[in-house]
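> any chance you can model this:
(2 chains)
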Amino acid sequence: MKRPLARAGLAAALVVLAGVPWIASPSIVQFGINMLLLAALAQGWNIIGGYTGYASFGNSVFYGLGSYGTAIAMLRWHLPFGIGLALGTVVAVVFAALFGRAILRLRGHYFAICTLGLAEVMTAIVSNLEITGRNTGLVLPLLRGDVLFYELSLALVVVATLIVAWIAHSRFGYGLIAIRENEEAAAAMGVDTTRYKVLAFSLSAAISALAGGIHAYWITFIDPVSAFDIGLNVKMIIVTVFGGPGSILGPVLGAFVLSGISEVLSTEISTVAGLFFGAVIVVAVVFMPRGVADLIRRFDKYRWRYFAENVRANRL
Amino acid sequence: MDLLWQGLVNGILLGGLYSLMALGLALVWGVLNIVNLAHGAFIMLGGYACYYMFSGLGIDPFVALPATMAALFVFGYLLQRHLINLVIRAPMFNTLLLTFGIDVVLTYSAQIAFSADFRTINPSYAGAHFTWLGATIPLVRLIACAIAIALTLLLWLFLARTRLGRAIRATAQNLVAARLYGVEPRSIYALTFGIGAALAGGAGALYGVVSQLNPYIGVSLTAKSFVIAIIGGLESPLGVIAGGLILGLVESMTSLYVGATYTDVASFGILVLVLVVRPTGLFGRTT
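As a prediction, this is how the structure comes out:
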């Protein structure tokens, strides 16, 4: 691989992305913030789902905790945004570490649905608490600064991607991949599976919570249904799987491509965009189960047979 | 005391319907090893099918029930045969995601086709009720519960006594061995999934009579069905009845003594608790 060239390309792309708010219209900047936050969330999910192989539906819980942590710190305790964001993130990480120990023992479907249950419980609890504003939610102070939020989101994507890049080439990451491929074998090889999984879950939580906090302050309004939205968790999974789970740039790529397409569609009708998302998962799971990253890597060799080969390998 | 008795009766009536909801999910999970996240969407589709037969053609909902189930059976059979069978040997994560995709497609299609308005199947006798030992029993809820339990028992008989039922159980136990004895897994998988969808359709029709339909009820119904399957286990339809009744009673008691907004906390709290304490489910297999 031509590493220096690839790095130069990435750096150039980053500079262009960072410069967008100064040339583009406000609506494009707003679209950009949503897209970047989704990319960050996907990258966060990539750590626990893509590398460790645990299909988490609980990342929207961390997102919600980050949103509410930031909002409560700013509104109830009048703390500045930065401290609120840090507080929300700490809450999410502690939550992930505590619950992670218990629920990361579950395998496969059981883990997935248990995290789904956790998300439902959190929505219900937050809807009933005084401090979180019950069903009506919370309104944050208004800050007109789309450029700031854009650059913050971009920074989060970069940091998340750097973390994933580090994971991909570290002892820690090899441990996670070993857990994904065969947990018993990984344990037998001396990987402290519980510690690795809890750490991966907590890292994933931190990234999700940061995205949640940034989004809450940007959008200035949160309520239980939107903050703990399972649909958002599904989106993270879709873009990650579409882009390539367990790859460094796949999730970001997936988020950019799918956000772009669905933005074009949703200017027409939002239900069509939803339908499109569903259809994309179905088609992607059937024809390219290893994502765009794998498609790019191997399309040269297989050409159009690539899709047929995938189906043949997995059909009954 | 009267309040407690009424709560118990409500819980049992609700629980009967819950067990039918979960039955298809547990069957498909046990036999195909697929957790069908579109199960709730099938329930929703069944509800709408029954609603339109009732409001459009004036057919009594309980008469429309078999037709609803037949329609969902065909739908489920074709879906498994031509789509889900394509990824059956992929990692579990892919089948989970595929059914999630199907769920999203069905939900949004329903929103486009049926609108997001709440619908209720409302026959003339919807408000009828009688009193038994001091507890008020709504007629439709009693009929719905009775039908749900009857269908569950029918499935149990079908699996235990018929040739096809034995083939399905054999496939669940050991796919390779079943194949050697002449079972064709492609059609058995499709049939089983079709039966699961038909049961979901039946549950949806009954749900539409006792509650309200909208395109988004699917996700929470899938999650509830999963809770019941976890509590009841996948081995036998009778375990699913137990799971359904437990959940119905817990929800009814929670809304009575803690507050109606806490019912979801209670049911999903039980799920998380059961999974944490017994990672393979309360009566689940240890694979």
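> so A:H215 versus A:V257, what's the distance?
Distance, A:H215 to A:V257, by Cβ to Cβ, to the nearest Å: 21 Å. For the C-beta atoms, the positions are set from N, CA and C on the backbone; glycine is no exception.
> the longest helix in the chain is where?
Let's take chain A. As assigned by DSSP state H, the longest helix anywhere in chain A is helix A:193-219.
> chain B, not that one
Under DSSP H, the helix in chain B containing the largest number of residues is helix B:2-32.
> quick check: A:V285 is in a helix.
Yes: under DSSP: H, G, I helix; E, B strand; the rest coil, A:V285 sits within a helix.
> return the distance of the lowest-mean-pLDDT helix or strand in chain A from the chain's centre.
Every helix and strand in chain A was compared by mean pLDDT, DSSP states H and E; the lowest is strand A:138-139, with a mean of 78. Strand A:138-139 sits 24 Å away from the centroid of its parent chain (Cα atoms, centre = their mean, to the nearest Å).
> quick one: residues contacting A:F172.
A:F172 is in contact with A:Y196, A:L199, counting by Cβ atoms under 8 Å, 6 or more residues apart in numbering or on different chains.
> that one belongs to a helix?
Yes: assigned with three-state DSSP, A:F172 falls within a helix.
> what about the chain, any weak spots by pLDDT?
Defaulting to chain A. Applying pLDDT under 70 to chain A flags residues A:1-2, A:266-269.
> look at chain B instead
By pLDDT under 70, the weakly predicted segments of chain B are B:1, B:279-287.
> quick one, helices of it?
B:2-32, B:39-57, B:61-82, B:92-114, B:139-161, B:163-173, B:175-180, B:185-210, B:218-232, B:237-257, B:263-277.
> which outside residues touch the third one?
Applying Cβ under 8 Å, 6+ apart, the external contacts of helix B:61-82 come out as B:32, B:42, B:45-46, B:49-50, B:53-54, B:59, B:102, B:121, B:123, B:143, B:147, B:186-187, B:189-202, B:204-206, B:208-209.
> picking up where we left off before, higher neighbour count, A:H215 and A:V257?
A:H215 (25 against 16; other Cβ atoms under 10 Å in any protein chain shown).
> which residues touch the more buried one?
A:L37, A:Y63, A:S67.
> tell me how far it lies from B:Y48.
Applying Cβ to Cβ to A:H215 and B:Y48 gives a distance of 34 Å.
> what does A:R105 give?
Distance from A:R105 to B:Y48, by Cβ to Cβ: 39 Å.
> so for those two, which residue has more residues nearby?
Shown here are A:R105 and B:Y48; by other Cβ under 10 Å, B:Y48 has more neighbours (22 against 16).
> quick one: contacts for the more buried one?
Neighbouring residues of B:Y48 by Cβ under 8 Å, 6+ apart: B:A110, B:F114, B:R119, B:G204, B:G208, B:L213.
> so what's the nearest residue to the fifth one once chain neighbours are set aside up against?
Among residues not flanking B:G208 along the chain, B:G47 sits closest, at 3.8 Å (Cβ to Cβ, 6 or more residues apart in numbering or on different chains). For B:G47, the contacting residues are B:R119, B:I121, B:G204, B:A205, B:Y207, B:G208, B:L213, B:I217, by Cβ under 8 Å, 6+ apart.
> likewise for B:H129?
B:H129 touches B:T136, B:I137, B:P138, B:L139, counting by Cβ under 8 Å, 6+ apart.
> redo that, cut-off 10 Å
Shown in contact with B:H129 (Cβ atoms under 10 Å, 6 or more residues apart in numbering or on different chains): B:T136, B:I137, B:P138, B:L139, B:V140, B:R141, B:L142.
> burial of the second one, as a residue count?
Meaning B:I137. Per other Cβ under 10 Å, the neighbour tally for B:I137 reads 17.
> so what pairs up with it in the strands?
B:F130 (DSSP bridges).
> CSV for the contacts of B:G47, including neighbour count and distance to A:G175?
Compiled in CSV, the contacts of B:G47 are given as follows (neighbours: other Cβ atoms under 10 Å in any protein chain shown; distance: Cβ to Cβ, whole Å):
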residue, neighbour count, distance to A:G175
B:R119, 18, 51
B:I121, 27, 54
B:G204, 32, 45
B:A205, 31, 50
B:Y207, 26, 46
B:G208, 28, 50
B:L213, 26, 48
B:I217, 22, 41
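> between those residues, which is nearest chain A?
Nearest to chain A among the contacts of B:G47 is B:I217, at 13.7 Å by Cβ to the nearest Cβ.
> roughly how far apart are that closest one and B:C50?
Between B:I217 and B:C50 the computed distance is 14 Å (Cβ to Cβ).
> same check, this time on A:F228
Taking Cβ to Cβ, one finds A:F228 at 32 Å from B:C50.
> again with A:R134
To B:C50, A:R134 is 35 Å away according to Cβ to Cβ.
> and what of A:Y51?
45 Å.
> cool, A:S56 as well?
Applying Cβ to Cβ, the value for A:S56 to B:C50 is 36 Å.
> just want to know which of those two has more residues nearby.
Taking other Cβ under 10 Å, A:S56 and B:C50 do not tie; A:S56 has more neighbours (33 against 30).
> A strand includes the more buried one, no?
No: A:S56 is assigned coil when assessed by three-state DSSP, not a strand.
> I'd say it and A:L116 touch.
Yes: with contacts counted by Cβ atoms under 10 Å, A:S56 reaches A:L116, the gap being 9.4 Å.
> overlap of the contact sets of the two?
Residues touching both A:S56 and A:L116 (Cβ under 10 Å, 6+ apart): A:N233.
> how about the nearest residue to A:E263, chain neighbours excluded?
A:E263 sits nearest to A:F31 (Cβ to Cβ, 6+ apart), 5.6 Å away.
> quick check: next helix or strand after the helix or strand that contains that neighbour?
Using DSSP states H and E, A:F31 falls within helix A:26-45. Using DSSP H and E, the helix or strand that follows helix A:26-45 towards the C-terminus is helix A:59-75.
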